[in-house]
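Student: have a look; sequence and predicted model below, questions after that.
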Protein chains: 4
Amino acid sequence: MGVSDVRKEFFEGRIKSRELEFAILERVFGKDPEKWSESNVKAASLRLEELENKMNKKFEGIRNSYVDNSSVKRDTPTTGIEQKIGGASVPLGVIGPVKILGSYAKGEFYLPLATNEAALVAGINRGFKIINEAGGIKSIVVKDHMARAPLIETPDPEKAKEISDKIREKRELYQEMKKAAESESRVSRLLDIQPFQIGRRVHLRFYFQTGDSMGMNSATKYSANAIKVLREKYPFVRLRSLTGNLCTDKKASHINVLLGRGKSVETHVVIPREVVKKIFKVEPEIIVELNQLKNYQGSSLAGTISGFNANVANTIAAMFIATGQDCAQITESSSCFIHAEMQGDNLIFGVTLPCLEIATVGGGTGFGTAKECLEILGCYGPGDPPGSNAKKLAEIIGAAVTAQDLNLIAAEAHEYELAESHIKLARGK
Amino acid sequence: MGVSDVRKEFFEGRIKSRELEFAILERVFGKDPEKWSESNVKAASLRLEELENKMNKKFEGIRNSYVDNSSVKRDTPTTGIEQKIGGASVPLGVIGPVKILGSYAKGEFYLPLATNEAALVAGINRGFKIINEAGGIKSIVVKDHMARAPLIETPDPEKAKEISDKIREKRELYQEMKKAAESESRVSRLLDIQPFQIGRRVHLRFYFQTGDSMGMNSATKYSANAIKVLREKYPFVRLRSLTGNLCTDKKASHINVLLGRGKSVETHVVIPREVVKKIFKVEPEIIVELNQLKNYQGSSLAGTISGFNANVANTIAAMFIATGQDCAQITESSSCFIHAEMQGDNLIFGVTLPCLEIATVGGGTGFGTAKECLEILGCYGPGDPPGSNAKKLAEIIGAAVTAQDLNLIAAEAHEYELAESHIKLARGK
Amino acid sequence: MGVSDVRKEFFEGRIKSRELEFAILERVFGKDPEKWSESNVKAASLRLEELENKMNKKFEGIRNSYVDNSSVKRDTPTTGIEQKIGGASVPLGVIGPVKILGSYAKGEFYLPLATNEAALVAGINRGFKIINEAGGIKSIVVKDHMARAPLIETPDPEKAKEISDKIREKRELYQEMKKAAESESRVSRLLDIQPFQIGRRVHLRFYFQTGDSMGMNSATKYSANAIKVLREKYPFVRLRSLTGNLCTDKKASHINVLLGRGKSVETHVVIPREVVKKIFKVEPEIIVELNQLKNYQGSSLAGTISGFNANVANTIAAMFIATGQDCAQITESSSCFIHAEMQGDNLIFGVTLPCLEIATVGGGTGFGTAKECLEILGCYGPGDPPGSNAKKLAEIIGAAVTAQDLNLIAAEAHEYELAESHIKLARGK
Amino acid sequence: MGVSDVRKEFFEGRIKSRELEFAILERVFGKDPEKWSESNVKAASLRLEELENKMNKKFEGIRNSYVDNSSVKRDTPTTGIEQKIGGASVPLGVIGPVKILGSYAKGEFYLPLATNEAALVAGINRGFKIINEAGGIKSIVVKDHMARAPLIETPDPEKAKEISDKIREKRELYQEMKKAAESESRVSRLLDIQPFQIGRRVHLRFYFQTGDSMGMNSATKYSANAIKVLREKYPFVRLRSLTGNLCTDKKASHINVLLGRGKSVETHVVIPREVVKKIFKVEPEIIVELNQLKNYQGSSLAGTISGFNANVANTIAAMFIATGQDCAQITESSSCFIHAEMQGDNLIFGVTLPCLEIATVGGGTGFGTAKECLEILGCYGPGDPPGSNAKKLAEIIGAAVTAQDLNLIAAEAHEYELAESHIKLARGK
């Protein structure tokens, strides 16, 4: 049986869209696992063709941008995502070399940035120009964990307190839960379980070290395993939800800002007054003052709990798309505090990124352009030791974010400069 | 002079990277504007080649995903973004047909979703299965404006009050500022200027109606024009920054949640108990209760000011990448409140998206796969009347977001269902 | 019948505690309204006696601190609060004269402060010492309204939008609601109704100008009257609650910070460097920097949305208790931003109090020590014009708050000074 | 020398106001420490007389409400607060007996409430009526600590990380800091030090167990002692401020809500449907729904991070004033989540008060009416074991808060009931 037969059956509705990859593998390739990738390509093409027919339009861009994220793990074929038709492509620019003085990211780097935002690539570039001239930027990971917080329910607040206290004690109950949480993993280690009681319920925030993977899926599974142990020992406990939103995933929240999630990154660059003036045409004290008025007072008045910065989400988004991160996590990963202060005659500039959630293995990182962009950055795949590639990537993103906001705040220090540079660049000058 | 000559000069460092497109246009094509697009392709290819040489690797994915977002406007050639090397491609899936009962989005739609998240496409699909069975989902835009908030400075709080009061009066000063703000635009209209005084400074939040474009760049420029008028009449006023973070752009903030930015969308679906039970295998009251415990109490305890939902950022991100939106705005556009309540024997489910910032013209919407995805949705380009395409897109995204969170919360209502369905789907089952 | 008879009946349980005042008035004084005050004194004394008997203790302090807040309005006798037994007394200190340059509070003032906090009175005094030396402090009210936000319910989001839009139009519906809202009032004027839609419900935030009274009770009643009109015209509207917490009363909230409630006060003092150094023994730049690190960055990291100050709640509480304000409103009235910046060689210092809720008539302001403290401040009772006394009080509180935080931040600028001065003062030195 | 001589010197300005108590003790009583209290009375009276002369008015209420909070500790006389002139008196009501099933507060209690708010005492009373009928309310303290967070400064983020990691290790450095923190105390114990890094600075949040005292002053002093040790071992550490606002004291903040400060209290009452209907004339499901719409959705839309309740600040304020607490702490102590849910045919109602800061020794608790009110509650002075009286008070306040919000939400469930009951009660009916 050939692809054309499958095509016919699919177009006639006899094969369901979501079964297409499997149907091709089975009928065309006799279940040969070597042909799984090819089955995926063909399935996506057929789906797209059907859509083109319905719309009476051609979508060549989508077809050409196809990303093969199918795989076969432990004999189980996966399509990556469901109902694939191709890929969505975002313009990619590059800057570099830029000088980073991290613990893992040491040396000179080229940064790929996927964005539709005119002026962004140029802006980061300009920020790094001054950073390079100042000798490079320090960037370090100060905390590192993935959090998952199942919500459990007990009959009354006294019981909820009993469970919370038991877990806080870190004795037998905690140890058994830890053992269960780590039982299926090679890499992940449970760092802590923090109970947050509210009435007769408790949010149990599990903290895992997850190596180079972002760790959400494993943290979900492993904390579920720990909850099973808890329920065996305390049958009055019910699992209300595997997450009660205290993780917090894909929402901006103060708990992530305060207690961290993913990598917590700090950067720091020391720039002599003369360098600031030469490149930005502005006295550094004005940058310091604007940082206070805009990124702290303005942001406070706006009612943010995470956005004490000018525009770091632009860089976060550009690097997340480029490197195959989970782009919904731009929401909280762009939480950021900007630091700007004078020390003698130097401008000290840096950022705190409390909850940067990234990976170099798993999710979208292993395929297509994401893999290539991670290669450009020198941190594709698992690091040696485990976790070192993800930390390297975190340090690089921290540096890029710093360069961008430094440039933007400096530019805003000139009254109309933002509007004008923005408009001009959008016009291609 | 041929491309190979330019290539040589570029590789030898005699042509700067950022001037490459212009050098090719001039030297290879004699400044023929018809050749601007081709110049961009070649420039990106040369840059990528240079990078490949440095890395000693090939990046075919990036080359193949190239997006041509160059253009020539009013005789000015623009590169779209700077320093292009190609494109970053994200896997694209599709679901549909789904039934939407919007004011602009009426009928059946296919939704393109760009994501690396296994289970997302399937989850939205399942949510729409129940929505379709319930007869479709209402989705409307209840507010629509783009906000930009320059920060002005006066000598003391009395002067700041004077300016604030004058603008609030909506008399002469306001009218002249409005006139200036609208002077360069065909489409944008100034809706209001809202002063927020803080000490001797005032954040002036300008509200614009911006048609089918997202409107940030124009709002920046037009409010700058209005500030010029203000400064002429009140020379003691200084413009501190074209934005003091009260806009708020690319940060999660309560001001956007409360006062809106972009489109404010409401959705509403009425689902009979039997339909809920048939598809989700759960009593609707449990969904209502979980929504309270997780999306409100849990989120409140987590300290969010915008994230009263389970996971809408996933859908927002998938549709933003697919349709060429500004992905940094996922940060605030994913602000969302979920509604779930019983009305008699029906489950009422819906969402409030207070600040969904989107466009169907401008930015990344006009090129490559983004254009194609907007075509699939039937809202590519300017609408007739102006603004109707952007509102249509907003209604569709609102519906998709609702489908996803409905499915997720229903799934979480079964204790271990999330972990298990998640893991299984990631394995391709 | 004498008091002793009533006492006997009360002790034997034949007169209910809550009816005691009325029983005495009726049985002892033959319903003579002139004797209402005396009836209240006796009732409180009997209740206290009964409690003393039960506890087998004497509570002379409570008896001696009795506050007569009973009154007879329009022939209706009221007890002020229910179940009175006497008063609770808080130590009262005084500082002055202090120089205030307000629009209403002009000249020199003595400030009564009711507090148990050692060092507070001395601290405010020290702050005013520098303010007096700098020539006094400007303090103005920049906004003034009381807000009440009933929550209404409609069948679906479209209907909720319809109502919201109608009210925003400010045409017939709005005018009729305004008329109803103002119908029972001599002083209050409706300034605006602002709709906040969420799903099929709308929070209608009513803004009233309420003269010298705090205005909560009247705003509640008058907005209820307006809702009646709304329901007559739109019978599908249901009143869900007379407040849906968007007012916001007695909770710290960003809506009050952003949009104001009660008086919005700004203060401003210009202090020459030499004066700062002479009195605080510190360079003013260190004050500026500490304000940023502590009141903005620290507070932001702590996850506040209202507390960008060091300690203003102390002064707010001390003046609220002294002047008979609603002390539950300390919660939001202490929302405050501190300003500290250099202008040439001067330190500019000031505060923004966005939502200071106070009164000089109504509530506890008309009786006992509260009345006397308002007399000390020169703002007891209704002002001429109406509202001027309340604004005067707001300006004074603004000045006091500024003095205290100025002193505290200056003190903290010396590393161990706070701890040491605090401890020493608590010891009476 | 007699009082009249001191009076003369004081009125002529030869004795400073702040030295009056000491002058009287010395000149009139020959430094007899037994006469310190009397010296304080006379000094306050003279100050008030001077003020009366200046104002040309009599302030008998202030004089009669005088609170003697002077004391002599370790031979050091203290005035309590500075510049005393008398007292400020707030009307005091009482309710009871109420049934509380706490761990420390067990049995029946009478509650003194100091307030100017008509209807408050009656409202709490009505709430307890239903609680009593349901058999009483559980109320427990689930966490208990006082937090103080000095802000330290290091040269760069790496050094800040080094210090943070060292302290988190809980080895030698932590132990030495702990030893120093506990060196001067009989009761206080250091529970933890939690570092929050931000750039090159670290907020060190010290957690102390402080027995029956509120603990702020001791926590300040003891953490300063620990910082001294830190600085000796790490001379690059500078103490920036003894508090960087992460404590958080006297500001509403999410850190207190999440991590606690003072007592964290949980309450829980189970009320049969028929009891709800009999007393509140409303189905319990409407209470559950209103709690969600108002206290969670409404409060979230209002942008609160602490106020998920209807009105608990009223009760907090009334009991704080009555019992001599630090009334500035009403700000954060009124942080509260309300719980309302159906369990079978019962309404489960309760509250979470995450950061209730109270004392039964120290501050204003030992004098005058505050002492008497604590006696009425049966928790005056140090408890046996230490801390048990403060916990008892916390449980009682938790119960009172629950009663009030239960009553208020039930009342609001009837559309116009709030406005009408409020107005009527204010009129004395």
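Tutor: Arrived safely, thanks for sending. Numbering: from 1, shown residues only, chains lettered A, B, ... in the order given.
Student: hey, let's count contacts and neighbours off CA atoms from now on
Tutor: Fine.
Student: contacts for stretch A:376-395?
Tutor: The list of residues contacting stretch A:376-395 from outside it, by CA atoms under 8 Å, 6 or more residues apart in numbering or on different chains, reads A:102-105, A:109-112, A:139-141, A:187, A:210-213, A:263, A:265, A:356, A:358-361, A:365-366, A:371, A:374, B:55.
Student: can you give me the strands in the stretch 251-400 of chain A?
Tutor: Secondary structure of the stretch 251-400 of chain A, counting by DSSP state E, counting those that start in this stretch: strands at A:262-272, A:307-308, A:336-343, A:346-356.
Student: burial count for A:Asn256?
Tutor: 27 (other CA atoms under 10 Å in any protein chain shown).
Student: hang on, it packs against A:Cys355?
Tutor: Yes: counting by CA atoms under 8 Å, A:Asn256 does reach A:Cys355; the two are 6.0 Å apart.
Student: where do the contact lists of the two overlap?
Tutor: Here A:Asn256 and A:Cys355 share the contacting residues A:Glu332, scored by CA under 8 Å, 6+ apart.
Student: quick one: name the residues of the stretch 301-429 of chain A near chain C.
Tutor: Residues of the stretch 301-429 of chain A lying close to chain C by CA under 8 Å from any CA of the partner chain are A:301-305.
Student: ok so, going back, just the buried residues from the contacts of stretch A:376-395, in ChimeraX please.
Tutor: Selection of the buried residues among these in ChimeraX, burial being defined by 16 or more other CA atoms under 10 Å in any protein chain shown:
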select /A:102,104,105,109,110,111,112,139,140,141,210,211,212,213,263,265,356,358,359,360,361,365,366,371,374
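Student: show me where pLDDT drops low in chain A?
Tutor: A:414-429 (pLDDT under 70).
Student: go again using 50 as the cut-off
Tutor: Residue ranges of chain A with pLDDT under 50: A:416-423, A:427-429.
Student: tell me, how many residues neighbour the closest residue to A:Phe128 other than its chain neighbours?
Tutor: Spatial nearest neighbour of A:Phe128, excluding adjacent residues (CA to CA, 6 or more residues apart in numbering or on different chains): A:Ala403 at 5.3 Å. Applying other CA under 10 Å, we find 28 residues neighbouring A:Ala403.
Student: and A:Ala403, what is it in contact with?
Tutor: A:Ala403 is in contact with A:124-128, A:131, counting by CA under 8 Å, 6+ apart.
Student: can you give me how far the one helix or strand it maps to is from the chain middle?
Tutor: Taking DSSP states H and E as the criterion, A:Ala403 maps to helix A:388-413. Distance of helix A:388-413 from its chain centroid, counting by CA atoms, centre = their mean, to the nearest Å, is 15 Å.
Student: with stretch A:179-199 instead?
Tutor: 21 Å.
Student: which residues of chain A lie near chain D?
Tutor: With the criterion set to CA under 8 Å from any CA, chain A comes near chain D through A:140, A:142, A:156-158, A:161, A:196, A:198-199, A:254-255, A:258, A:266-268, A:303, A:339, A:350-352.
Student: returning to that earlier point: among the contacts of A:Ala403, name the ones in strands.
Tutor: Among the contacts of A:Ala403, no member is found in strands (DSSP state E).
Student: need the residues you listed in TSV (columns: neighbour count).
Tutor: Formatted as TSV, those follow (neighbours: other CA atoms under 10 Å in any protein chain shown):
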residue	neighbour count
A:Ile124	25
A:Asn125	24
A:Arg126	20
A:Gly127	24
A:Phe128	27
A:Ile131	25
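Student: and of these, the nearest to chain D?
Tutor: Nearest to chain D among the contacts of A:Ala403: A:Ile131, at 16.5 Å, using CA to the nearest CA.
Student: in CSV: the residues of the stretch 301-429 of chain A next to chain C, plus neighbour count and distance to C:Tyr296.
Tutor: Listed next are these as CSV, based on neighbours: other CA atoms under 10 Å in any protein chain shown; distance: CA to CA, whole Å:
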residue, neighbour count, distance to C:Tyr296
A:Leu301, 26, 11
A:Ala302, 27, 13
A:Gly303, 31, 12
A:Thr304, 33, 12
A:Ile305, 32, 12
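Student: state the pair within those residues that is farthest apart.
Tutor: A:Leu301 and A:Ile305 (10.5 Å; CA to CA).
Student: what do those two both touch?
Tutor: Shared contacts of A:Leu301 and A:Ile305 (CA under 8 Å, 6+ apart): C:Ile305.
Student: contact residues of the stretch 1-150 of chain A facing chain B?
Tutor: With CA under 8 Å from any CA as the criterion, the stretch 1-150 of chain A meets chain B at residues A:55, A:59, A:61-62, A:64-69, A:73, A:76-95, A:114-122.
Student: revised request: answer the last question for the stretch 151-300 of chain A.
Tutor: A:217, A:220-221, A:224, A:239-246, A:248-255, A:290, A:293-295, A:298-299.
Student: filter those residues down to just the ones in helices.
Tutor: Among those, the residues falling in helices (DSSP state H) are A:217, A:220-221, A:224, A:254-255, A:290, A:299.
Student: among those, which are in reach of chain C?
Tutor: Cross-checking those against chain C (CA under 8 Å from any CA) gives A:His254 as the overlapping residues.
Student: looking at the ones in helices among the residues of the stretch 151-300 of chain A next to chain B, which is nearest B:Ala147?
Tutor: Nearest to B:Ala147 among these is A:Ser299, at 14.9 Å by CA to CA.
Student: for the residue lying closest to that closest one once chain neighbours are set aside, what are its contacts?
Tutor: Computed as CA to CA, 6+ apart, the closest residue to A:Ser299 that is not its neighbour in sequence is B:Asn245, at 5.4 Å. Going by CA under 8 Å, 6+ apart, B:Asn245 touches A:294-295, A:298-299, A:302, A:310, B:149.
Student: do the same with A:Lys84
Tutor: Shown in contact with A:Lys84 (CA under 8 Å, 6+ apart): A:43-44, A:47, B:91-94.
Student: any idea how far A:Ser70 is from A:Phe59?
Tutor: For A:Ser70, the distance to A:Phe59 (CA to CA, to the nearest Å) stands at 22 Å.
Student: by contact count, what packs against the helix or strand where A:Glu162 lies?
Tutor: Per DSSP H and E: A:Glu162 is located in helix A:157-169. Under the contact definition 3 or more CA pairs under 8 Å, 6 or more residues apart in numbering or on different chains; DSSP states H and E, helix A:157-169 sits against helix A:172-182, strand A:189-198, strand A:201-209, strand D:262-272.
Student: before we move on, back to that, just the ones of the residues of the stretch 1-150 of chain A next to chain B in helices?
Tutor: If you go by DSSP H, these have A:55, A:61-62, A:64, A:120-122 in helices.
Student: tell me the one of the residues you listed nearest D:Gly398?
Tutor: Nearest to D:Gly398, judged by CA to CA, of these is A:Leu120 at 53.1 Å.
Student: surely the closest one and A:Ile316 touch.
Tutor: No: judged on CA under 8 Å, A:Leu120 makes no contact with A:Ile316 at a distance of 11.4 Å.
Student: many thanks, have a good one.
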